[in-house]
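Asker: what follows is a protein structure lacking sequence information:
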């Protein structure tokens, strides 16, 4: 599936693999002139390439290496000779390739290894310079892009939704909170998310996102002090796991979030106090 949402400040291209006509999970890329922000999953690369040829796309800039953001690269390079650009860490990962768990291959497909050019401290998007911001947590190589003149921020998978209850096993929730705070401190006017679209009141949305995890961490620490197990804390705060946790063999779960919030919070060894990274 490829659908264009051109009512937003910049064209947003929604992409998803479909089953019986229904999308499994949507992700969006954004068009800035002849440049795309990310290239979507491998499963939609053929559709994206056809559209990109008509749209005159000449380059792709990446936020991070995950398959739903880089999966169109190889086809765009082969068919359109598109230039691929990415942060240094992302370039290394994409050059050698990386394993993709089966459940993610089913949803997105498996990307091919590609070579990209390393971006610097700024990158042009639609003829305007965007500053590159390191925003790790969702992945170690994740970056966002900031245009201070318009106060636009492009956040890839940093935001996603105000209430995130599932994490991959390799995600770091506290690093994400710090990255979210960094973006919040810029006081952006529009936030462009790969899943939530263009958010026109990003300060409020970011506060809700950060606050939800901080409150969850406080409650998890309290339950741990009472002697509850990790599984019992997850059940009490977030309920039962979903089907995707079973299909991913726990690689994507609510319990990963609770574990991550507890791993770097006070109370880990019985001490008192609120979570160590309390609101700024």
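Answerer: Alright, I've got the coordinates. The structure displayed is predicted, hence computed values, not measured ones.
Asker: and the longest helix for the chain?
Answerer: The longest helix of the chain (DSSP state H) is helix 202-225.
Asker: after that helix, which helix or strand is next?
Answerer: Of the helices and strands lying after helix 202-225 in sequence (DSSP states H and E), the nearest is helix 230-238.
Asker: could you check the angle helix 202-225 makes with that following helix?
Answerer: 140 degrees (axes from the mean of the first three to the mean of the last three CA atoms, to 10 degrees).
Asker: what's next to helix 230-238, contact-wise?
Answerer: 165, 216, 219-220, 223-224, 228, 241, 254-255, 257-259, 262 (CB atoms under 8 Å, 6 or more residues apart in numbering). In short, each C-beta sits where N, CA and C put it, glycine included.
Asker: swap the cut-off to 6 Å and go again
Answerer: Residues from elsewhere that reach helix 230-238 (CB atoms under 6 Å, 6 or more residues apart in numbering): 165, 219, 220, 223, 254, 255, 258.
Asker: same question, stretch 176-186
Answerer: Under CB under 6 Å, 6+ apart, the answer for stretch 176-186 is 135, 137, 153, 158, 206, 209, 210, 213, 280.
Asker: among the residues you listed, which ones are buried?
Answerer: Using 16 or more other CB atoms under 10 Å as the burial test, those include 135, 137, 153, 158, 206, 209, 210, 213 as buried.
Asker: and the residues you listed, which two are the farthest apart?
Answerer: Maximum pairwise distance in the buried ones among the contacts of stretch 176-186, criterion CB to CB, is 19.3 Å, between 153 and 213.
Asker: just to revisit the earlier point, mind putting the contacts of stretch 176-186 into TSV with distance to residue 114 and pLDDT?
Answerer: Shown next, in TSV, are the contacts of stretch 176-186 (distance: CB to CB, whole Å; pLDDT from 0 to 100):
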residue	distance to residue 114	pLDDT
135	22	98
137	24	98
153	26	98
158	23	98
206	32	98
209	31	98
210	34	98
213	33	98
280	38	36
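Asker: would a markdown table of those with distance to residue 27 be doable?
Answerer: Compiled in a markdown table, the contacts of stretch 176-186 are given as follows (distance: CB to CB, whole Å):
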| residue | distance to residue 27 |
| --- | --- |
| 135 | 17 |
| 137 | 18 |
| 153 | 18 |
| 158 | 14 |
| 206 | 20 |
| 209 | 18 |
| 210 | 23 |
| 213 | 22 |
| 280 | 30 |
